[in-house]
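In: just the structure for this:
(2 chains)
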2 protein chains.
Amino acid sequence: MDAVKIIEVKQSVFANNDQRAQLLRSELKRRGIFLLNLMSSPGSGKTTTLARTVELLKDEMKIGVMEADIDSDVDARAMAEAGVKAIQLHTGGMCHLDADMTRQGLDELTDGDVELAILENVGNLVSPAEFDTGAVKNAAILSVPEGHDKPLKYPLMFRVCDVVLINKIDVAPYFDFDMEKCREYIRMRNPEAEVIPICARTGEGVEQWANWLREQVAAWRA
Amino acid sequence: MDAVKIIEVKQSVFANNDQRAQLLRSELKRRGIFLLNLMSSPGSGKTTTLARTVELLKDEMKIGVMEADIDSDVDARAMAEAGVKAIQLHTGGMCHLDADMTRQGLDELTDGDVELAILENVGNLVSPAEFDTGAVKNAAILSVPEGHDKPLKYPLMFRVCDVVLINKIDVAPYFDFDMEKCREYIRMRNPEAEVIPICARTGEGVEQWANWLREQVAAWRA
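Out: Residues are numbered from 1 along each chain as shown, chains lettered A, B, ... in the order given. Down below sits the predicted model:
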């Protein structure tokens, strides 16, 4: 396997991240690139979910993945093994990505042919939600072992998300996780958010998630 | 139950957090207060672990708990129900506490009689590790469902920790979690760190953790 490309992304010198993000989104629209920003706690299953997603979609559309991390390249290696173009973004200790950091990654990832670009954000439920990356849609993963109360404790994350994947539903019998309460708490934060229960390890529910993504990409590129 | 006190803590205006933290630690030494900084991802079981810890130690020493959170007071309520003095710190969106934020909380918590003060930091594996809170010792919780690779991906968190609690060991049979690899990865980051497997829900291993804490408090107050 080729060595994974590692990019050291630098925080923006521009004060207005929202404007930079809007500018990036306009460019993505013009170039026909759908950018998904995927966020979650550490260990919620972002990389496993992405590997499953790529498996289902890679023959239909050109996919590129940016793995943001503090200091390793294990996720980008996993994605490259899943068969898509993958680069690793090192954030120099920052626990989020802003729009210009995302752009630096995209410039390396897209040589004109990527239709679906996915940013796996730093594992964190706080700061990534505060910075618009320029993505077309935001997705969050909440895994069953983390508990159904997370939308109460991390309100902004759930407010900014277009879709919430509830992962690791296979272990639900071993945890006090109340799916109905979880849906209710997510609705409190964001009545528009789609909620899709999945198990990335076994593949359960991933087809529904892939369908959601297919529709979003098609609508954006229409 | 009395209403929980909520303190809005403000980020320090001082540039040198390390000095401020050192100053706070000297004061704690003088006043005989042991401050533990407890860090983890969201949903790793900080609050449940603390409730167990308090149950074991509250008749031996005066304990006060500071719950740092973005926007709720559910954790402080849980701690007050566990029978200790508890206050809630709201960080105004910040995903860490610095030494002066910690001091603002301590000023409200300690009216001269607390021997063990515990700071439950914001649920996050990145920024809390970057800011010395002034605590005497740092503890991290890593829960089995998060995976044994976390010390590879969040190096600083494990480097700054004096003790790592591996929580939710009761569900280990349902996850691909390799305890030996986990210990090895923690040692890579920090050969000095104590590693204690626990299950906060059932209480397994919590006595060993309480013993570690008893020794640390006694040594600090000696």
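In: strands along chain A, start to end?
Out: Remark: strands assigned in chain A by DSSP state E are A:5-8, A:34-40, A:63-69, A:85-90, A:116-120, A:137-143, A:163-167, A:194-197.
In: show me the residues around the closest residue in space to residue A:207 that isn't next to it in sequence that make contact.
Out: Sequence neighbours aside, residue A:56 is the residue nearest to residue A:207 in space, at 6.9 Å (criterion: C-beta to C-beta, 6 or more residues apart in numbering or on different chains). Bear in mind the C-beta positions are built from the backbone N, C-alpha and C, glycine included. When contacts are counted by C-beta atoms under 8 Å, 6 or more residues apart in numbering or on different chains, residue A:56 touches A:206, A:207, A:210.
In: give me the buried entries from those residues.
Out: Burial by neighbour count, 16 or more other C-beta atoms under 10 Å in any protein chain shown: within the contacts of residue A:56 this picks out A:206, A:210.
In: in JSON lines: the contacts of residue A:56, plus distance to residue B:143 and pLDDT.
Out: Shown next, in JSON lines, are these (distance: C-beta to C-beta, whole Å; pLDDT from 0 to 100):
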{"residue": "A:206", "distance to residue B:143": "24", "pLDDT": "97"}
{"residue": "A:207", "distance to residue B:143": "29", "pLDDT": "97"}
{"residue": "A:210", "distance to residue B:143": "29", "pLDDT": "98"}
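In: out of the contacts of residue A:56, who's nearest chain B?
Out: residue A:206 (18.2 Å; C-beta to the nearest C-beta).
In: surely the closest one is in contact with residue A:53?
Out: Yes: the pair residue A:206 / residue A:53 is scored as a contact, 6.8 Å apart, by C-beta atoms under 8 Å.
In: how about the residues of chain A by chain B?
Out: Contact residues, chain A versus chain B (C-beta under 8 Å from any C-beta of the partner chain): A:41-43, A:69-72, A:74-75, A:93, A:95, A:122-127, A:130, A:143-147, A:149-150, A:152-156, A:168, A:170-171, A:174-175.
In: ok, the one residue sitting closest to the centre of chain A to residue B:50 distance?
Out: Nearest to the mean C-alpha position of chain A, by C-alpha atoms, centre = their mean, lies residue A:38 at 1.1 Å. Per C-beta to C-beta, to the nearest Å, residue A:38 is found 31 Å from residue B:50.
In: next: residue A:32.
Out: 50 Å.
In: so between these two, which is more surrounded?
Out: Set side by side, residue A:32 and residue B:50 show more neighbours around residue B:50, with 25 against 13, by other C-beta atoms under 10 Å in any protein chain shown.
In: check contacts around that one.
Out: For residue B:50, the contact set (C-beta under 8 Å, 6+ apart) comprises B:38, B:65, B:79, B:82, B:118, B:120.
In: how about residue A:143?
Out: When contacts are counted by C-beta under 8 Å, 6+ apart, residue A:143 touches A:40, A:41, A:43, A:44, A:45, A:166, A:167, A:168, B:43, B:145.
In: what's opposite the residue lying closest to the first one once chain neighbours are set aside in the beta bridge?
Out: The shortest distance from residue A:40 to any residue that is not its chain neighbour, by C-beta to C-beta, 6+ apart, is 3.9 Å, and that residue is residue A:141. Legend: beta-bridge partners of residue A:141 under DSSP bridges are residue A:40, residue A:165.
In: residues near residue A:141, how many?
Out: 26.
In: my read: it touches residue A:49, true?
Out: Yes: using C-beta under 8 Å, residue A:141 is in contact with residue A:49, at 6.1 Å.
In: mutual contacts of those two, please.
Out: Both residue A:141 and residue A:49 are in contact with A:38, A:165, A:167, where contact means C-beta under 8 Å, 6+ apart.
In: surely the last one and residue A:45 touch.
Out: Yes: counting by C-beta under 8 Å, residue A:45 is a contact partner of residue A:167 at 4.4 Å.
In: quick one, which of these two is more surrounded?
Out: residue A:167 (29 against 25).
In: what sits against the more buried one?
Out: Residues counted as contacts of residue A:167 (C-beta under 8 Å, 6+ apart) are A:44, A:45, A:49, A:141, A:142, A:143, A:144, A:198, A:199, A:200.
In: so the fifth one sits right up against residue A:40, yeah?
Out: Yes: the pair residue A:142 and residue A:40 passes the contact test of C-beta under 8 Å, sitting 6.9 Å apart.
In: returning to what we had before: turn the strands of chain A into JSON lines, including mean pLDDT.
Out: Formatted as JSON lines, these follow (pLDDT from 0 to 100):
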{"stretch": "strand A:5-8", "mean pLDDT": "76"}
{"stretch": "strand A:34-40", "mean pLDDT": "97"}
{"stretch": "strand A:63-69", "mean pLDDT": "90"}
{"stretch": "strand A:85-90", "mean pLDDT": "89"}
{"stretch": "strand A:116-120", "mean pLDDT": "96"}
{"stretch": "strand A:137-143", "mean pLDDT": "97"}
{"stretch": "strand A:163-167", "mean pLDDT": "98"}
{"stretch": "strand A:194-197", "mean pLDDT": "98"}
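In: any idea how far residue A:85 is from chain B?
Out: Distance check for residue A:85 against chain B: by C-beta to the nearest C-beta, to the nearest Å, it reads 21 Å.
In: same check on residue A:121?
Out: Distance from residue A:121 to chain B, counting by C-beta to the nearest C-beta: 11 Å.
In: how many neighbours does that residue have?
Out: Residue A:121 is flanked by 29 other residues according to other C-beta under 10 Å.
In: low-confidence stretches in chain A?
Out: For chain A, residues meeting the criterion pLDDT under 70 lie at A:1-3, A:11-14, A:70-71, A:93, A:112.
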